[in-house]
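need coordinates for the below:
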Amino acid sequence: MLCPIAVFAHKGGVTHKRFGRWFLVDVIIISVSGAILLVDPLFLLVYWPQQSLTHDFAEYFKSAHYPELFFFYLNTTLIYFSFSAARVWERIGYGGAKTLSSNWIDWCLTLGAGIFVIGFLIIGVFDLIHADKLAVEFIIGGLLVLSFVSFDLYTLIVRTKVSGFPWWILHMTKMFVAWAALISAFWLRIRVYVLPQDYIDIHYHTGTILWLTLTLIGYLVYRKHFQR
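The predicted structure is shown next:
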């Protein structure tokens with residue numbers, strides 16, 4: 001609920017900033033707790049195999065030869081999109097700067113995400129060679145993330161002008177990627193643990209559809225506000 005409150009609050013206002021920060025704290029908690037699970041032997045050797053057998057998780061993540069790396073990739077991309085989105089405003093001086101600024105946080109976010117997504121693409125190609133059924137979806141997702149990372153890297157190397165580019169759309173788009181991913185993950189858990197077995201057919205494009213829809217709605221609603 002943190003993200004929608006920030007979305008519909010007055011942009012730049014106290015509520016928008018406060019719930020935006022709480023959303024980032026929430027992302028940290030999710031990512032850190034998830035990373036801890038991935039190094040917990042009880043999770044990897046006991047809980048995960050049992051759940052895979054019970055709910056056919058092995059079929060869901062068939063294209064990921066290394067499921068723990070796949071989940072770690074999700075953690076890193078969630079952090080990258082959320083925090084790089086929040087950094088947009090400070091980098092443009094809240095609209096008052098002439099050129100984009102950057103610091104070590106921006107470089108770490110961009111380079112870290114780039115390294116992880118390239119590694120994930122290599123795994124996707126490896127899966128594709130072995131004809132795993134979901135390899136193409138994972139590769140397409142990796143290329144999408146890589147396009148954002150490439151643009152961010154460009155803005156870090158080239159002193160990009162603030163004027164002439166709708167930076168608020170970049171901020172909104174990245175935040176909606178993170179929000180859509182969390183909604184998609186929540187919906188997956190409902191299908192696995194609540195709905196009958198016949199309804200547990202995974203459609204990996206749910207998050208993409210959510211992201212594009214939310215971004216389009218956000219653009220139509222707020223374009224006049226930011227044009228002023």
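
list the helices and strands the host helix or strand of residue 187 packs on?
Assignment of secondary structure by DSSP states H and E places residue 187 within helix 167-193. Packed against helix 167-193, as judged by 3 or more Cβ pairs under 8 Å, 6 or more residues apart in numbering; DSSP states H and E, are the following elements: helix 2-8, helix 67-91, helix 206-227. All C-beta atoms are positioned from the backbone trio N, CA, C, and that covers glycine.

of the ones you listed, flag the one that's most buried.
With neighbours defined as mean count of other Cβ atoms under 10 Å, the helices and strands packed on helix 167-193 peak in mean count at helix 67-91, which reaches a mean of 20.

what is it packed up against?
Other elements packing on helix 67-91 under the criterion 3+ Cβ pairs under 8 Å, 6+ apart are helix 14-38, helix 104-129, helix 135-157, helix 167-193.

I'd like those as a markdown table, with mean pLDDT, mean neighbour count and distance to residue 209 appended.
Putting those into a markdown table (pLDDT from 0 to 100; neighbours: other Cβ atoms under 10 Å; distance: least, Cβ to Cβ, whole Å) gives the following:
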| stretch | mean pLDDT | mean neighbour count | distance to residue 209 |
| --- | --- | --- | --- |
| helix 14-38 | 88 | 15 | 21 |
| helix 104-129 | 89 | 17 | 21 |
| helix 135-157 | 89 | 17 | 13 |
| helix 167-193 | 84 | 18 | 8 |
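
can I get these in JSON lines including distance to residue 94?
Putting the helices and strands packed on helix 67-91 into JSON lines (distance: least, Cβ to Cβ, whole Å) gives the following:
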{"stretch": "helix 14-38", "distance to residue 94": "11"}
{"stretch": "helix 104-129", "distance to residue 94": "16"}
{"stretch": "helix 135-157", "distance to residue 94": "16"}
{"stretch": "helix 167-193", "distance to residue 94": "10"}
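
quick check: residue 177 touching residue 212?
No - the criterion here is Cβ atoms under 8 Å, and residue 177 misses it with residue 212 at 9.9 Å.

quick one on the thing from earlier: how far does the helix holding residue 187 sit from its chain's centre?
7 Å (Cα atoms, centre = their mean, to the nearest Å).

quick one, that helix and helix 67-91 angle?
The directions of helix 167-193 and helix 67-91 differ by 150 degrees, with axes from the mean of the first three to the mean of the last three Cα atoms, to 10 degrees as the criterion.

please give me every residue in contact with the residue lying closest to residue 139 once chain neighbours are set aside.
Of all residues not flanking residue 139 in the chain, residue 124 sits nearest, at 4.0 Å (Cβ to Cβ, 6 or more residues apart in numbering). Each residue near residue 124 by Cβ atoms under 8 Å, 6 or more residues apart in numbering is listed here: 63, 135, 138, 139, 142.

could you measure from the third one over to residue 126?
Okay, so that is residue 138. 10 Å (Cβ to Cβ, to the nearest Å).

next: the last one.
Residue 142 sits 12 Å away from residue 126 when distances are taken as Cβ to Cβ.

please apply the same query to residue 2.
Relative to residue 126, and taking Cβ to Cβ, residue 2 is found at 37 Å.

cool, residue 149 as well?
Using Cβ to Cβ, we find residue 149 at a distance of 21 Å from residue 126.

need the distance between the two termini of stretch 41-53.
End-to-end distance for stretch 41-53: 17 Å, by Cα to Cα, to the nearest Å.

buried residues in that stretch?
Residues of stretch 41-53 classed as buried under the neighbour-count rule (16 or more other Cβ atoms under 10 Å) are residue 48.

what's the closest non-adjacent residue to residue 181?
Once its chain neighbours are removed from consideration, residue 181 has its nearest residue in residue 207; the separation is 5.2 Å (Cβ to Cβ, 6+ apart).
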